[in-house]
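Peer 1: my questions are about this predicted structure, shown below with the sequence.
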2 protein chains.
Amino acid sequence: MSPGGGPEGVRLSLDDVRALARQVLSATGLSAAHVDAVAETMVAGERDGCASHGVYRLLVAANSVAKGVVSLDAEPVLDEPAPALARVDGGGGFAQLAFERGRPVLVDKARRFGIAALALNNVVHFAALWPEVEALAREGLAALAFTPSHAWVAPEGGTRPVFGTNPIAFGWPRPGRDPFVFDFATSAVARGEIELHRRAGRPVPDHWGYDADGAATTVAEAVLGGAMRTFGGHKGSALAAMVELLAGPLIGDMTSQESLAADAGRGGSPIGGELIIALDPAGFLGGALADHLERAEAMFEAIEAQGARLPSQRRYAARARSLREGVVIPGALHRDIMMLLEQKG
Amino acid sequence: MSPGGGPEGVRLSLDDVRALARQVLSATGLSAAHVDAVAETMVAGERDGCASHGVYRLLVAANSVAKGVVSLDAEPVLDEPAPALARVDGGGGFAQLAFERGRPVLVDKARRFGIAALALNNVVHFAALWPEVEALAREGLAALAFTPSHAWVAPEGGTRPVFGTNPIAFGWPRPGRDPFVFDFATSAVARGEIELHRRAGRPVPDHWGYDADGAATTVAEAVLGGAMRTFGGHKGSALAAMVELLAGPLIGDMTSQESLAADAGRGGSPIGGELIIALDPAGFLGGALADHLERAEAMFEAIEAQGARLPSQRRYAARARSLREGVVIPGALHRDIMMLLEQKG
């Protein structure tokens, strides 16, 4: 930890961030394996400028622990229900360790069979999906990931919550470069965005959601107690339904409605499943792999040459900066995190 | 063929539609196997009330034949580049026959391995994707399909075309019911919608696209000569890029820019690839399959109970009506189709 964060910020190196995250997570009582896995996704979020998925999530994770929704020392159990399928039962622990245990099996199966899928079951989810698909893309695979959450989002044409914010993430390998990665909620905005408006007492645009009576509203708190909308009208709504199905019933896990019901008002992070699909480009392309990946680069160039941004570019720019200069944690957030330690101390 | 279509319509039974489609397609010189496969998707489109994918497509298909972009008697060649991957080289013929040849192999692989993928390569594409995913869902599989087209759509943040209209389709099996199916373009609207505005001399909304100079425009013809926009801002644009990658370089086939370049101004349908992914729910669920599919039904009920529509419901309603009453082809379209026969006669 070093000065330089300004009056309202605390500047930390990424090693400092990691140490802080591990210290706080350990203090919650999480087992060492979970501490390491969870801390890494927070370091990654902070490093990539995703403040809402950085050390802020220490508060979120600590809350889930305090509310008793997460198993502190669950040992993930792997099985292989079909040749190209792997499944990790997370035992009610955080998702990160379950993914780490399943990942090498998924990579191996994708390479052997050309395509493979990994289900994470019975995991508590509060993180972004891009770390998963980026990790797979760095192994040379194309990857898709899906997870439901809590029922907060209305289907288009309705006003009552059925879907979660239901993100879809995709990763594509780029030889010699950072992978092409996107990860977005199928809700109109992130739920945290509405929460920020609520805290600031600011109105939200009237297309973000409905109040509990199903009326459009600009009151952030009303949307949080009513229903958010999906992005992109009927198309986004269709994708949200797909995420429910693929990462819910398909893998024998909960829908967002079931997850919210299981939370029983405790306000913990969603519990349920995640589906990750990996394709090995070498499966279709064999020795012509490099040529065809080069054709993908031509498409990326056509996008960037006209000033449009690839979805992962902002994160990678933040990453380069953070690796060089460290990150700045807002003073108030840093104090809240330190208070978690004091409470445990 | 029977009267009853009104002054501007010709009423046909679905058998009539099939006979008409086969007659016209045969007259173009297509081989019998292609005639049968292509005619069925047109019957399905007309039956389901998708006028733009019904017998109207006879004009589109005949145009691609006339322009020499399609091989009339290509014999699809199947191979299996990896255990869970199948590939059909369509030899420059229409995509439908290639899918028919690959479909049983895809179904078999999905059941054996839990997940499998089928690439169609070197096919001419002018049809919707929902027939593919619906067929797979009727075999009990969850299915995703993707295909690029011609570069007509700008990435969000840019104004020059890179992507095709790049549809994404998804199918989910519902025991005892029609499958849950969606199929939508990742462009803001279907290209045909802009074409209809052009013909009618009507302005288009200014968020549909850009003119050739990159300025927003309400002139339909200017958008057709410039660039369409994606749906849903950056999220739709990210999905469009994913479709390019998965159904282009991943399977060794053309991007939408390459397909348009290969067309060389002939104005034919896109040539390139399609990727279809199939997952067998029984792979993850085993004997618990029925219970978990029932939980998916609970989600569908939560959607429909609030008056929201499932994406496939309108098509299925039209289907029931068409099977009972036949369909009505607009008089002008029927005349245009009959003219194709006279030209060939």
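Peer 2: Okay, I see it.
Peer 1: who's in contact with the closest residue to A:Ala128 other than its chain neighbours?
Peer 2: Excluding the flanking residues, the one nearest A:Ala128 by CB to CB, 6 or more residues apart in numbering or on different chains is A:His53, at 4.8 Å. Backbone N, C-alpha and C define where each C-beta goes, glycine included. By CB atoms under 8 Å, 6 or more residues apart in numbering or on different chains, the residues touching A:His53 are A:Thr41, A:Met42, A:Ala44, A:Gly45, A:Ala127, A:Ala128.
Peer 1: which intervals of chain A have sub-threshold pLDDT?
Peer 2: Applying pLDDT under 70 to chain A picks out residues A:1-7, A:344-345.
Peer 1: relative to chain B, how far out is the residue nearest to A:Ala128?
Peer 2: 17 Å (CB to the nearest CB, to the nearest Å).
Peer 1: for A:Ala305, same thing?
Peer 2: Distance of A:Ala305 to chain B, given as CB to the nearest CB: 9 Å.
Peer 1: what does that residue show for phi and psi?
Peer 2: Recorded main-chain torsions at A:Ala305 are phi -60, psi -20, according to degrees, to the nearest 10.
Peer 1: wait, isn't A:Arg57 in contact with A:Val43?
Peer 2: No - taking contacts as CB atoms under 8 Å, A:Arg57 lies outside contact range of A:Val43: 10.7 Å.
Peer 1: and the residue of the stretch 201-345 of chain A closest to chain B?
Peer 2: A:Gly232 (3.1 Å; CB to the nearest CB).
Peer 1: just give the nearest non-adjacent residue to that residue, would you?
Peer 2: The nearest residue in space to A:Gly232 (CB to CB, 6+ apart) is B:Gly232, at 3.1 Å.
Peer 1: residues contacting the most centrally placed residue in chain A?
Peer 2: Centroid-nearest residue in chain A, with CA atoms, centre = their mean: A:Ala128, separated by 1.3 Å. By CB under 8 Å, 6+ apart, the contact list for A:Ala128 reads A:Thr41, A:Gly45, A:Cys50, A:His53, A:Pro167, A:Ala169, A:Asp183.
Peer 1: how about the strands in chain A?
Peer 2: A:9-12, A:77-82, A:85-89, A:115-124, A:142-146, A:168-172, A:180-184, A:209-210, A:227-228, A:271-279, A:327-330 (DSSP state E).
Peer 1: need those in a markdown table with distance to B:Gly214, can you?
Peer 2: Converted to a markdown table, those look like this (distance: least, CB to CB, whole Å):
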| stretch | distance to B:Gly214 |
| --- | --- |
| strand A:9-12 | 40 |
| strand A:77-82 | 49 |
| strand A:85-89 | 46 |
| strand A:115-124 | 39 |
| strand A:142-146 | 31 |
| strand A:168-172 | 27 |
| strand A:180-184 | 24 |
| strand A:209-210 | 34 |
| strand A:227-228 | 33 |
| strand A:271-279 | 35 |
| strand A:327-330 | 37 |
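Peer 1: need the ones you listed in JSON lines with mean neighbour count, can you?
Peer 2: Shown next, in JSON lines, are the strands of chain A (neighbours: other CB atoms under 10 Å in any protein chain shown):
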{"stretch": "strand A:9-12", "mean neighbour count": "19"}
{"stretch": "strand A:77-82", "mean neighbour count": "16"}
{"stretch": "strand A:85-89", "mean neighbour count": "24"}
{"stretch": "strand A:115-124", "mean neighbour count": "27"}
{"stretch": "strand A:142-146", "mean neighbour count": "26"}
{"stretch": "strand A:168-172", "mean neighbour count": "26"}
{"stretch": "strand A:180-184", "mean neighbour count": "25"}
{"stretch": "strand A:209-210", "mean neighbour count": "26"}
{"stretch": "strand A:227-228", "mean neighbour count": "26"}
{"stretch": "strand A:271-279", "mean neighbour count": "28"}
{"stretch": "strand A:327-330", "mean neighbour count": "21"}
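Peer 1: could you dump these to a markdown table with distance to chain B?
Peer 2: Output for the strands of chain A, formatted as a markdown table (distance: least, CB to the nearest CB, whole Å):
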| stretch | distance to chain B |
| --- | --- |
| strand A:9-12 | 28 |
| strand A:77-82 | 3 |
| strand A:85-89 | 4 |
| strand A:115-124 | 5 |
| strand A:142-146 | 6 |
| strand A:168-172 | 5 |
| strand A:180-184 | 4 |
| strand A:209-210 | 11 |
| strand A:227-228 | 10 |
| strand A:271-279 | 6 |
| strand A:327-330 | 24 |
